[in-house]
Each structure stands twice: as C-alpha cells, then as structure tokens.
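In: mind looking at a prediction? Sequence and model below.
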Amino acid sequence: MNFEWLGRQFDNIVFLLGWHVLLAVTPLILGLLIALPLGWWAHRSRRIYPLLVGVAGLLYTVPSLALFVLLPLVLGTKILDPLNIVAALTVYTVALLVRVVADALDSVPEDTVQAAKAMGYRGYQSLVKVELPVGVPVICAGLRVAAVSNVSLVSVAALLGIPQLGSLFTQGFQLRFYTPIIAGIVLCVVLAMILDGLIILLNRWLTPWTPKVVAS
Amino acid sequence: MNYLFDPAHWSGADGIPTLIGEHLLYSLIALAVAAIIAVPLGIYIGVTGKGVFMIAGLANALRALPSVGLLILLVLLISPAFPSRMGYVLPSLIVLVLLAVPPILTNTYAGVRAVDAAAVDAAKGMGFRTMKILTDVQLPCSLPLVLSGIRSALLQIISTATIAAYISLGGLGRLLIDGKAQNDYSQMVAGAILVALLALFFDQLLAFITRRVVSPGLTRRTIKSVPAAAPVKTPVTV
C-alpha cells in the first residue's frame, strides 16, 4: 500500500465515493417506491403473483454489464450517462423487492388483519398502518440484500467509464498498481456494511414493538 | 442490431459462435469446480453441524466484495507467475469459482438442514445405515435447494465471465469491451443481447432440469414451506 499516493488522491477518492453512494442509494429508494405498490398488487391477486414474480426473476437474470449497455436503447440516453446505472439498478432492486413485499404482506397473520378491520380501519388505512408495519422486518431483510449487491454492481460501471469507486480498479489495472484497487475494495465493503447497518437500525426504529434480539 | 445480423460476424476465430463457445467453456469449468468443492462441503456441514458459523458470514461477505475489484486484483497478483494466456485465464477462473461457491454451499447446507427429521428417523427405524440415509433420503430431499444454489451460481458466473473480458478473457464480454474501445455501439448491443439470452437460456434450462429430477413427492410441500429457487437466503429476524 502506497499511503502517500492515497493522501495525494484524497479529493479524487472522496469524489468517487460520493458518486458511488449516489449511484447505489438512489436506485434502492426508487426501487422500494416502485416495488411497494407492485408487491401489494401481487399480494392481492393470486393470478398476478406468479406473473410479476416470474418477470422479476427473468429481469434479475440479465447480467449487469448487458443491462447497462441495453438501457440506452430503451431510455434514449447516452452510453456514458449515469442515469443508465440508476435505471439498471432500480430494475434489479424492483425485481428483488416485488417478491419480498408480496411475501411480507402475505406473512401478516390473518388475525391481525381481521382485528384491524374490526377496529374500523378501512382498506388502505389497514394497509399503511397495520399490514405494512407488521411486514417491515421481511422488507428490510430484502432491502439489505439489495443494498449490498447494489454497492458491488455499481463498480461494474467502471468498465464503461462512468466514475465511481470502480474507476479505482480500472486505474489500478492500467497502472499495474495495487494501492487504488485495494482502497476501492475496502471502501466498497465498508460502504456495503454501513448501508447494511443503517437498514438494520431503520428496521429497529420502525418496529419498536419487537423484542431486542441480537442481529444475526 | 446491424452487428448481430451481419453474416461476417458469425464465423471465424473471433466470430460469435466461437465467443459463445468460449463463454460456455469457462462458465461450465468454473461451475463444475465450484460444485465439486461446495456440494460435499455443504453436505458435510449440514449433516455434522460443524462449521455452521462459516456459512452465514461467508455468503454476506462475498456478496459485498466487488467482483470487478477482486478480478483485477487477482489478475495482477497471479498473472506474473504464469506464461502468456494462462496468466489471464487462470485468475479469472479462480474468481468465477470463488463467486460460485457461496450460493451452492449455503443452499446445499440449508437443503440438508431442511430435510424433515421424521423422514430421517423413519429411514433409521427401517435399518438404513448412515451412508444410505444420506444417499437415499437426505440428498434427494435437499435436491431442490441444491439445484437452486447451482442456478444462482451459474448466473453469477455467466455475468462475471462477461466482466472478465476487461482483463482479456475470451467470451461474449469481448464484444462489449472491444465495442467500447472501438466506439462501436452496435457491437456492444450485440454482445449485451447475446449475454442476456445466454443467461436466460441457462436459467430456464436449470428450472426445467429441477422440475424433471426433483421427486414429485417433494414438490407440493416444497412450494409451500421452502421458497423454491430463492436466489438468496435472507434472515427474516433482523
């Protein structure tokens, strides 16, 4: 490790880290917002569930580099546009979370839904105030997987020349120089762990009624 | 699209069939090696309960590791030790295997663990020996999860093998990386479409194989209790 190089490159690395966070977190939030209504739809209709989960599974199998390249055809963007990365990772996040949201809503005990109805909650009130909160732990478990894999997938965009932490890998390869590669890997793993931890905290904050168990 | 339908690109040493062949060769070698390592290990851990602590940590840690970084780091570390082409192929294969082991290992372990204890006890009561319980009861019952692990491992491999074109590995990734270098977007699109089709084809093939080889006695129960073909095992209690 050449720490002197790291010191000189500090500003650049912070810039790359900032982009990496932006490119990984934006799709996570967008994906969740899209997956919530779709998951609810899949939960409500037994006919829609296999269809949505099937399409989601197919989308999830498309390799990331291929999706990054194909999206400009759909979106009309330039190949170097970071928007492609955001859109591709949003697709993956939605594909992962649609099933998770549907399963989370399915996991709410029927008694709970009935009790909410008896207390006068209307359909959407019951959904927002009872069913979704009860399903939060399952949704958060899915979000953790999506967050961690997004951080890793963003770095693939370096092969197309979109700046983020993955640029340190390509730079290190061109220079035959280990320092940026190791710095990039460490920062990616730390970023993934921080996002993972934040979602665990979010889950605890949203479900104050659950007993405090040590996170697995 | 022009690139894809130009007959000139469908023959020769750098033609599309050659690239598909290379992609398949690397992918299947990596999958075979990973399965040879991970399936017995997963069975061992599942049956004996030794080394369970490794499983949960390993799966999550490896998902967080950026595969591009890992690939480039290993190439720089290993390639000087090997002459010419092997210097690029071998590190790529090692990374592909490394990425494929966790899903197979965790799913095999989970599959063996999820086998109904009553079925094992019944086999024991019928006088089956340990080995026979393993081969005739535990393995067939855990097959759906093992195959689902192999399915996600293969997708991971096909996807990462594409990326490995950046460090000079052959295969369909060549079209994407060379197309980028030559500013030839239609070549990149051709590569992307072919890789996506390859992944979809193998995903469906393995889904088909799973339906064929899994005992019909299992399927109804499996659909209910185990989320079949779930690519990742996620802890529900956080």
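Out: Ah, there it is. Numbers count the residues shown, from 1 in each chain, chains lettered A, B, ... in the order given.
In: for chain A, which segments count as helices?
Out: A:3-8, A:10-44, A:48-61, A:64-75, A:82-106, A:110-118, A:123-126, A:132-154, A:166-175, A:178-206 (DSSP state H).
In: let me fix that: chain B
Out: Using DSSP H, helices in chain B cover B:2-5, B:16-48, B:52-64, B:67-78, B:86-113, B:117-125, B:130-133, B:139-163, B:173-181, B:185-213, B:216-225.
In: of those, which stretch is the most buried?
Out: helix B:139-163 (a mean of 25; mean count of other CB atoms under 10 Å in any protein chain shown). No exception for glycine: its C-beta is placed from N, CA and C like everyone else's.
In: pLDDT averaged over that one, what's the number?
Out: Per-residue pLDDT values over helix B:139-163 give a mean of 92.
In: doesn't B:S27 make contact with B:L96?
Out: Yes. Between B:L96 and B:S27 there is a contact at 7.4 Å, judged by CB atoms under 8 Å.
In: give me the common contacts of those two.
Out: Here B:L96 and B:S27 have B:I157, B:A161 as joint contacts, going by CB atoms under 8 Å, 6 or more residues apart in numbering or on different chains.
In: returning to that earlier point: tell me which of the helices of chain B sits nearest to A:L168.
Out: Minimum separation from A:L168 across those (CB to CB) falls at helix B:67-78, 7.8 Å.
In: contacting residues around that closest one?
Out: Here helix B:67-78 makes contact (CB under 8 Å, 6+ apart) with A:152, A:155-156, A:158-159, A:166, A:168-170, A:172-173, A:176, A:178, A:181-182, A:184-185, A:188, B:87-88, B:90-92, B:94-95, B:98-99, B:160, B:163-164, B:166-167.
In: hang on, isn't A:F173 packed against A:I181?
Out: Yes. The pair A:F173 and A:I181 qualifies as a contact (CB under 8 Å) at a distance of 7.5 Å.
In: excluding chain neighbours, what is closest to B:S79?
Out: B:G87 (3.4 Å; CB to CB, 6 or more residues apart in numbering or on different chains).
In: and for B:L194?
Out: B:L172 (5.2 Å).
In: how about the one you found, what does it touch?
Out: Contacts of B:L172 by CB under 8 Å, 6+ apart are B:L19, B:I20, B:H23, B:T162, B:A165, B:G191, B:L194, B:V195, B:L198.
In: can you rerun that using 10 Å?
Out: Shown in contact with B:L172 (CB atoms under 10 Å, 6 or more residues apart in numbering or on different chains): A:63, A:65-66, B:16, B:19-20, B:22-24, B:158, B:161-162, B:165, B:190-198.
In: what pLDDT does it get?
Out: Note for B:L172: predicted pLDDT of 92.
In: how near is the residue most central in space within chain B to chain A?
Out: Against the mean C-alpha coordinate of chain B, by CA atoms, centre = their mean, the closest residue is B:A153 at 1.8 Å. From B:A153 across to chain A, the span is 13 Å (CB to the nearest CB, to the nearest Å).
In: against A:L70, how distant is the spatially closest residue to A:I162 that is not a sequence neighbour?
Out: Once flanking residues are discounted, A:I162 sits nearest to A:P82: 5.6 Å by CB to CB, 6+ apart. When distance is defined by CB to CB, to the nearest Å, A:P82 is 16 Å away from A:L70.
In: just the pLDDT at residue 123, thanks.
Out: You didn't say which chain, so I picked chain A. Predicted confidence (pLDDT) for A:G123: 83.
In: sorry, I should have been clearer: chain B.
Out: pLDDT recorded at B:A123 is 91.
In: quick one: it and B:L139 touch, right?
Out: No. Counting by CB atoms under 10 Å, B:A123 does not reach B:L139; the two are 11.9 Å apart.
In: need the residues touching each of those two.
Out: In terms of CB under 10 Å, 6+ apart, B:A123 and B:L139 are both contacted by the residues B:I133.
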